[in-house]
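Visitor: Take this sequence and fold it.
(2 chains)
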Amino acid sequence: EDQVTQSPEALRLQEGESSSLNCSYTVSGLRGLFWYRQDPGKGPEFLFTLYSAGEEKEKERLKATITKKESFLHITAPKPEDSATYLCAVTHNAGNMLTFGGGTRLMVKP
Amino acid sequence: DVKVTQSSRYLVKRTGEKVFLECVQDMDHENMFWYRQDPGLGLRLIYFSYDVKMKEKGDIPEGYSVSREKKERFSLILESASTNQTSMYLCASSRPGQGHSGNTIYFGEGSWLTVV
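Guide: As a prediction, the model looks like this:
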């Protein structure tokens, strides 16, 4: 059975304090690993797709990396506007359905 | 930009009422999905559709049905709403995957349903 586990559940950072969010996955035949950002009361907003170990994607202060067992979302010098819940999800060979992790709630204080 | 539009953002319904949640996407995507999101349980798949008039059960289909009469529109139906269906409902769409690549799934803004 596919499993996606995100850690930590919640993370408090000071503005400018870099850190990483973890997404561990167990899936047969990974087709894609997705990172989403979700603001309170809104739907998930797509950030990145990673397809294979060693791949990296960057967008502003965010950088996503992936190995065969886990993915990291690195946040460099975060700002308060980066506060949100970050969701990780995977799709596998059987289809396009997403299996989600529980999310990491990030709070960045000024 | 991909747009997935959920027509109702906030609804309050009574127990036993029939509820329709509508979703429209403007990118000609074949795949459409309905999820519900609850605190501590994350996002769970209710139903999905790979094509017009096609539907497949997800992880938690009980108490729900869906309709896909047109490619751009996917409706979620609660035949007889119950209080345990109070939740945030998210619609999503995507193209079919190409080879071993998983295609990006785009979400709507969500519909908050309260059943009293």
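
Visitor: can you count the residues close to residue B:116?
Guide: 10 (other Cβ atoms under 10 Å in any protein chain shown). The C-beta positions use only the backbone N, C-alpha and C, and glycine is treated the same way.

Visitor: Which positions in chain A make contact with chain B?
Guide: A:29-34, A:36, A:41-46, A:49, A:51, A:87, A:89-91, A:93, A:95-98, A:100-103 (Cβ under 8 Å from any Cβ of the partner chain).

Visitor: how near is residue B:15 to residue A:12?
Guide: 39 Å (Cβ to Cβ, to the nearest Å).

Visitor: nope, residue B:31 is what I was after
Guide: Following Cβ to Cβ, the distance that separates residue B:31 from residue A:12 is 37 Å.

Visitor: Identify the residues contacting the residue positioned nearest the centre of chain B.
Guide: Centroid-nearest residue in chain B, with Cα atoms, centre = their mean: residue B:34, separated by 2.2 Å. Contacts for residue B:34 (Cβ atoms under 8 Å, 6 or more residues apart in numbering or on different chains) come out as B:21, B:23, B:45-48, B:58, B:64, B:66, B:74, B:76, B:89-92.

Visitor: thinking again about what came up before, drop anything exposed from the residues of chain A next to chain B.
Guide: A:30-34, A:36, A:43-44, A:49, A:87, A:89-91, A:96-98, A:100-103 (16 or more other Cβ atoms under 10 Å in any protein chain shown).

Visitor: Which ones among those residues map onto strands?
Guide: Under the assignment DSSP state E, these contribute A:30, A:31, A:32, A:33, A:34, A:36, A:49, A:87, A:89, A:90, A:91, A:100 to strands.

Visitor: In this structure the last one contacts residue A:86, no?
Guide: No: the pair residue A:100 and residue A:86 does not pass the contact test of Cβ atoms under 8 Å, sitting 11.4 Å apart.
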